[in-house]
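Q: dropping a prediction and its sequence here:
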Amino acid sequence: MRTSLFLRLPTSTTAHYLWTHATQEGELLATGCSEINEINQLPAADTLIALAPTSSLLLTQAHIPTRQWQRVLQAVPYALEDDLAADVDTLHVAVAPHRHAETQVTAAVLSRDLLQHWLNTLNPLKITQLLPDVLAVPYVAESWSFMLLSDQLLIRTGYYQGFAIELEQVSVALSLALAEQENNPPQSLTLYCNAADSHPELIDQLKALNIPLTVQVVQPHVTALWAAFPLKMPTLNLLQGDYRQHTSHPLFMWRAWRMTATLMGLLIMVYLGSEWQGYQQQKNYHQQLTQDIETLYKNTFPDAQRIVNPRVQMEQRLRQLQASYGQQQTQTHFLPWLVRLSPFIKAVSGFLLTRLEYRNNQLELQLELASFEALETLKQQWQQQNMHIEIASAASNRQQRVEARLILRMQ
């Protein structure tokens, strides 16, 4: 079971961390509040998402006419420069992954020093993402969502829009925000809060806006809403550019190694395909060879009824023939001749038998040899076996081989 830990960083007026531990399927495991010296004791999780106080940064929009993303990233800081009080070189600008409109991009701006301080503090935890906390408030189209924390009210006004205010500033801040959205006001309001701090005066102030209001009390704590955060949806991660985190999370590891894994997969498929093709060829060859052997066996021994192992059965048949002919008193068959001649035939290089005829206890062979010397050698060897050898003819052919006709008789 893979889990996520959501950790909200302290604001300028607080020193504690709010956290929620949940499964990545949205099941709440625990919520809590810890001091800075206790963050090493937080529950272990596969993904750690830190939530930066929106009051410490600026969510804004910039007009960037180009569609090339690298140019967008380069242009946004300078497009916002006139609206920022600090030097742009001291600020970090993170850009949302999707445009708000054709030429509008959303960006988050915060101090580089503050961002580095957060990263140094959280370094032992190996955070995966750092998001503005207002973007962890549930989003509903054409509606504004409010999350009441102990020190602030987070107000999400769009997918990448929102702000944070102190409770004392609610009336003034909402009046200004609604005036800016005069042409596109929210159709409904939703307030998420704890049972212990619902703040009736805040509810009255929201009702006074004359916009339908829904109040949802969240148990055991309002931060339990983070358990349902859509991890797979695009969001505005502040860790961009120089602050991009090198993580061992499986998703990021897969992205880094995707091309290598794809090439490896293709190589494996090619190798397996080649091996399978070779296996099929060998299988077909074996089947054809087995069929040829069985055909030869049937032609040699037409009376054979059942063939199990042609090679073994043929050897058994030949031994039987040898035994039966060896018991005969007269050598009236050519098989004993072959038994005596075959060892010498194997020893002669280039031997090719083209014709064999046995008649009247006389064996006539027509053959080809590599040379006259080979013919003479063969003749001498056979004579040593008590055979009378007559070379009826011998001549060279066009292939420079010797064609000979021999007549053999037993002495």
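A: Thanks, I have it.

Q: residue contacts, Ala52?
A: 9, 110, 118, 130-133, 238 (CB atoms under 8 Å, 6 or more residues apart in numbering). Where C-beta positions appear, they are placed from N, C-alpha and C, glycine not excepted.

Q: now the helix or strand in which His388 is found, how far from the chain's geometric center?
A: Following DSSP states H and E, one finds His388 within strand 387-396. In terms of CA atoms, centre = their mean, to the nearest Å, the centre of strand 387-396 is set 75 Å apart from its chain centre.

Q: beyond it, next helix or strand please.
A: Next in sequence after strand 387-396, counting helices and strands by DSSP H and E, comes strand 402-410.

Q: contacts for that following strand next, please.
A: Strand 402-410 is contacted from outside by 331, 337, 341, 361-372, 374-375, 379, 382, 386-397, using CB under 8 Å, 6+ apart.

Q: ok so, going back, give the buried subset of the contacts of Ala52 as a PyMOL selection command.
A: To isolate the buried members of the contacts of Ala52 in PyMOL, using 16 or more other CB atoms under 10 Å:
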select buried, resi 9+110+118+130+131+132+133+238
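
Q: can you flag which of the contacts of Ala52 belong to helices?
A: Taking DSSP state H as the definition of helices, these contribute Trp118.

Q: distance to Ile307 added to the contacts of Ala52, as TSV?
A: Formatted as TSV, these follow (distance: CB to CB, whole Å):
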residue	distance to Ile307
Leu9	84
Leu110	87
Trp118	83
Leu130	78
Leu131	77
Pro132	83
Asp133	83
Leu238	80
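
Q: and of the contacts of Ala52, the nearest to Thr31?
A: Thr31 lies nearest to Asp133 out of those, by CB to CB, at 14.7 Å.

Q: surely Ile345 and Leu356 touch.
A: No. Here Ile345 does not reach Leu356: they are 11.5 Å apart, not a contact under CB atoms under 8 Å.

Q: report all helices and strands that the strand holding His388 contacts.
A: With contacts taken as 3 or more CB pairs under 8 Å, 6 or more residues apart in numbering; DSSP states H and E, strand 387-396 sits against helix 372-383, strand 402-410.

Q: show me what counts as buried in that strand.
A: Buried residues in strand 387-396 (16+ other CB under 10 Å): 387, 389.

Q: kindly report the same for stretch 94-114.
A: The neighbour-count check on stretch 94-114 (16+ other CB under 10 Å) flags 94-96, 99, 105-110, 114 as buried.

Q: any low-confidence regions in this protein?
A: Filtered on pLDDT under 70, the chain yields the residue ranges 13, 99-102, 151, 196-198, 246-256, 324-335, 411.

Q: residue boundaries of the helices in it?
A: For the chain, the helices defined by DSSP H cover 69-79, 112-122, 170-180, 200-207, 250-300, 310-326, 335-347, 372-383.

Q: and the first one, what's buried?
A: Think helix 69-79. By 16+ other CB under 10 Å, the buried positions in helix 69-79 come out as 72-73, 75-77, 79.

Q: same check, this time on stretch 8-25
A: 8-11, 14, 16-22, 24.

Q: let me know the closest of these to Val88.
A: Leu9 (23.6 Å).

Q: tell me how far Ala96 lies from Ala179.
A: Separation of Ala96 from Ala179 (CB to CB, to the nearest Å) stands at 24 Å.

Q: try Trp144
A: From Trp144 to Ala179 the distance is 14 Å (CB to CB).

Q: the more surrounded of the two?
A: Between Trp144 and Ala179, counted using other CB atoms under 10 Å, Trp144 has the larger neighbour count: 28 against 9.

Q: how about the contacts made by the more buried one?
A: So Trp144 contacts 155-157, 186, 188-190 (CB under 8 Å, 6+ apart).

Q: tell me which of those is nearest to Ala44?
A: Using CB to CB, Arg156 is the member of the contacts of Trp144 that sits closest to Ala44, with 29.4 Å.

Q: my read: that closest one touches Ala141, true?
A: No. Contact between Arg156 and Ala141 fails when scored by CB under 8 Å: they sit 11.4 Å apart.

Q: the more surrounded of these two?
A: Neighbours per residue, other CB under 10 Å: of Arg156 and Ala141, the larger number sits with Arg156, 25 against 8.

Q: number of nearby residues for Ile211?
A: Count around Ile211 with other CB under 10 Å applied: 16.

Q: please name the bridge partners of the residue nearest to Glu390 when sequence neighbours are not counted.
A: Closest residue to Glu390 apart from its sequence neighbours, by CB to CB, 6 or more residues apart in numbering: Ile407 at 4.4 Å. Counting by DSSP bridges, Ile407 is bridged to Glu364, Glu390.

Q: and the residue most central in space within the chain, how far is that from Thr54?
A: Centroid check for the chain by CA atoms, centre = their mean gives Ala261 as the closest residue, at 5.4 Å. Ala261 is 39 Å from Thr54, where distance means CB to CB.

Q: residues in contact with Leu91?
A: Applying CB under 8 Å, 6+ apart to Leu91 gives the contacts 77, 84, 109-112.

Q: distance between stretch 392-405 and the chain's centre?
A: That offset, for stretch 392-405, works out to 69 Å (CA atoms, centre = their mean).

Q: for that stretch, measure first residue to last.
A: End-to-end distance for stretch 392-405: 5 Å, by CA to CA, to the nearest Å.

Q: for beta bridges, what are the partners of the closest residue to Arg401 other than its chain neighbours?
A: Leaving aside its sequence neighbours, Arg401 sits nearest to Glu368 (CB to CB, 6+ apart; 5.1 Å). Bridge pairing for Glu368 (DSSP bridges) gives the partners Leu352, Glu403.
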